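**Student:** How does the following fold in three dimensions:
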Amino acid sequence: MARLKVGVLISGRGSNLQALLDACARPDFPAEIALVISNIDGAYGLERAAKAGIATAVISHGAFASRDSFDQAIDARLRQAGIELVCLAGFMRVLSAGFVEGWRGRIINIHPSLLPSFKGTHTHAQALASGVKLHGCTVHHVTAALDDGPIIVQAAVPVLPGDDEESLAARVLAAEHRIYPLALKMLAEGGGQKAPQEGALLINPPE
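**Tutor:** Okay, the predicted model is just below:
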């Protein structure tokens, strides 16, 4: 059976990219990463991809006069590579509505909170300030609205007494590394076209 061709967009160290690379390296996994694009030259995630033998590209947002033209360049490179599903893995640019619409149903993101709670940045600080007892992460379909879109998989982790942002972030990141490959597997087994409302799942990863 043909494996789903995946493109991953990154901006930094690529720890979630590594989780996806490790999953896709298994011969029975239903997806393969065919291209990794970064908007930052020298991002460590590019080195991770290169070590895995994956094609990479740098498309710097600073080289474009507008967000739309930057997004068009990314879109063209993804389509040239025959990408069927796009994974955002620490990609620190807000994509235009036109780009998102062009990949509607075929672009997913991982966010470090239990959406719809704590959208945006500094999610761990938000969680600690709110006093919640559970925090976590979400893989969701991307829509034009920031950190919105139908949920695919969520993982909950406890907020422990004495937690600070760093300790809580580490616990959430470990959960991210578990659920992003799971979400990709779910979509790949559905041909990348599983209806957004299907497959929502809450996992409590073991410590």
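
**Student:** Got the confidence number for Ala2?
**Tutor:** If you check Ala2, the pLDDT there is 88.

**Student:** Tell me how far it lies from Arg48.
**Tutor:** Using C-beta to C-beta, to the nearest Å, Ala2 is found at 25 Å from Arg48. From N, CA and C alone the C-beta is placed, and that goes for glycine too.

**Student:** which one of those two has more residues nearby?
**Tutor:** A direct count of neighbours by other C-beta atoms under 10 Å for Ala2 and Arg48 places Arg48 higher, at 20 against 8.

**Student:** Spell out the secondary structure type for that one.
**Tutor:** Of the three states, Arg48 takes helix according to DSSP: H, G, I helix; E, B strand; the rest coil.

**Student:** Which parts of this protein are strands?
**Tutor:** 4-10, 31-38, 55-58, 85-88, 107-111, 134-141, 151-158, 202-203 (DSSP state E).

**Student:** okay if I get these as JSON lines plus distance to Pro181 and mean neighbour count?
**Tutor:** Shown next, in JSON lines, are the strands of the chain (distance: least, C-beta to C-beta, whole Å; neighbours: other C-beta atoms under 10 Å):
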{"stretch": "strand 4-10", "distance to Pro181": "11", "mean neighbour count": "25"}
{"stretch": "strand 31-38", "distance to Pro181": "9", "mean neighbour count": "22"}
{"stretch": "strand 55-58", "distance to Pro181": "20", "mean neighbour count": "16"}
{"stretch": "strand 85-88", "distance to Pro181": "10", "mean neighbour count": "24"}
{"stretch": "strand 107-111", "distance to Pro181": "10", "mean neighbour count": "24"}
{"stretch": "strand 134-141", "distance to Pro181": "10", "mean neighbour count": "25"}
{"stretch": "strand 151-158", "distance to Pro181": "10", "mean neighbour count": "21"}
{"stretch": "strand 202-203", "distance to Pro181": "12", "mean neighbour count": "14"}
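
**Student:** Select, out of these, the one closest to Leu78.
**Tutor:** strand 4-10 (4.8 Å; C-beta to C-beta).

**Student:** Which secondary structure elements does the closest one sit against?
**Tutor:** Using 3 or more C-beta pairs under 8 Å, 6 or more residues apart in numbering; DSSP states H and E, the elements in contact with strand 4-10 are helix 15-24, strand 31-38, helix 44-51, strand 85-88, helix 165-189.

**Student:** can I get those in TSV with distance to Arg79 and mean pLDDT?
**Tutor:** Listed next are the helices and strands packed on strand 4-10 as TSV, based on distance: least, C-beta to C-beta, whole Å; pLDDT from 0 to 100:
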stretch	distance to Arg79	mean pLDDT
helix 15-24	20	98
strand 31-38	10	98
helix 44-51	19	98
strand 85-88	11	98
helix 165-189	19	96
